[in-house]
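A.B. asks: Dropping a prediction and its sequence here:
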Amino acid sequence: MMSVTSDRLSYSRSMRDSDIRGALLDRLSSEFQGDRIRSEMGLCLGATRVDVAVINGSLHGYEIKSDRDTLARLPAQVEIYNRVLDYSTIVCGTKYLEKIKRIVPEWWGITEVTGPDSHPTFVHHRDPCRNASVDPLSIAQLLWRDEAAELLECRGEQVKRRETRWNLWDRLAALPLDELQSAVRAQLKARQQWTASR
């Protein structure tokens with residue numbers, strides 16, 4: 001009975017997703033002043049969302065897993081993150097730390113969040129390395145149709161009025177990867193509104 005009570009007390013005091021998110025946003029805002037920080041950024045046409053993304057000279061996504069979450073969706077999230085992001089870091093509570101180490105790729109960063117929700121402590125277990133296997137089409141799909149068309153036109157390419165977004169993305173995916181990534185990041189940093197008809 002004492003063990004059950006202790007477990008319930010520990011669970012009740014564990015940080016929620018929102019607690020970790022708030023602390024993480026504060027930390028990133030201080031560390032990346034002047035860079036674009038976006039919460040809930042969709043990847044692969046909304047197949048998943050990055051909890052927090054930092055957009056500067058690279059695209060770095062942060063996935064949050066609190067002790068109150070489950071890891072059921074994590075393998076699928078990892079697969080999608082790997083298609084798009086230059087760097088990925090998982091920010092988690094202590095409960096799932098060892099399991100997470102076995103699930104995420106070695107190039108992912110791992111940061112543990114401990115302590116009370118009012119004074120969280122970030123403990124870095126592994127720094128992220130650059131993703132060497134991004135998918136150009138998935139990167140191109142971060143752009144809306146009008147953005148994709150504008151990018152092609154700026155390169156002097158003709159865009160038909162009724163040309164589908166899929167065709168535009170295919171054409172962008174054929175660009176040199178570093179040029180595509182740079183252009184997409186620039187567009188995401190300049191984007192004023194994040195809701196639009198695709």
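C.D. replies: Happy to help now that I have it.

A.B. asks: The protein - how does it break down into domains?
C.D. replies: 15-126, 136-190 (automatic domain parsing).

A.B. asks: Centre of the chain to the shortest one, how far?
C.D. replies: Computed by C-alpha atoms, centre = their mean, to the nearest Å, the chain-centroid distance of domain 136-190 equals 20 Å.

A.B. asks: Between the two ends of it, what distance do you get?
C.D. replies: Domain 136-190 has an end-to-end distance of 20 Å (C-alpha to C-alpha, to the nearest Å).

A.B. asks: And the average pLDDT for that domain is what?
C.D. replies: Throughout domain 136-190, pLDDT has a mean value of 95.

A.B. asks: Next: the longest one.
C.D. replies: Mean per-residue pLDDT for domain 15-126: 92.

A.B. asks: Check the separation of the first and last residues in it.
C.D. replies: 21 Å.

A.B. asks: what separates that domain from the chain centre, distance-wise?
C.D. replies: For domain 15-126, the separation from the chain centroid amounts to 7 Å (computed by C-alpha atoms, centre = their mean).

A.B. asks: Next, the closest residue to residue 107 other than its chain neighbours: phi, psi?
C.D. replies: Nearest residue to residue 107, sequence neighbours excluded (C-beta to C-beta, 6 or more residues apart in numbering): residue 129, at 4.0 Å. Using the backbone N, CA and C atoms, a C-beta is placed for each residue, glycine as well. Torsion angles at residue 129 (phi, psi; degrees, to the nearest 10) stand at phi -110, psi 160.

A.B. asks: And residue 139, by the same measure?
C.D. replies: Residue torsions, per degrees, to the nearest 10, at residue 139 are phi -70, psi -40.

A.B. asks: Surely it and residue 184 touch.
C.D. replies: Yes: the criterion here is C-beta atoms under 8 Å, and residue 139 meets it with residue 184 at 5.6 Å.

A.B. asks: contacting residues around the residue nearest to residue 189 when sequence neighbours are not counted?
C.D. replies: Ranked by C-beta to C-beta, 6+ apart and with sequence neighbours excluded, the top spatial neighbour of residue 189 is residue 36, at 4.6 Å. By C-beta atoms under 8 Å, 6 or more residues apart in numbering, the residues touching residue 36 are 54-56, 188-189.

A.B. asks: Would you report which members of the residues you listed are assigned to strands?
C.D. replies: If you go by DSSP state E, the contacts of residue 36 have 54-55 in strands.

A.B. asks: Cool, thanks, talk later.
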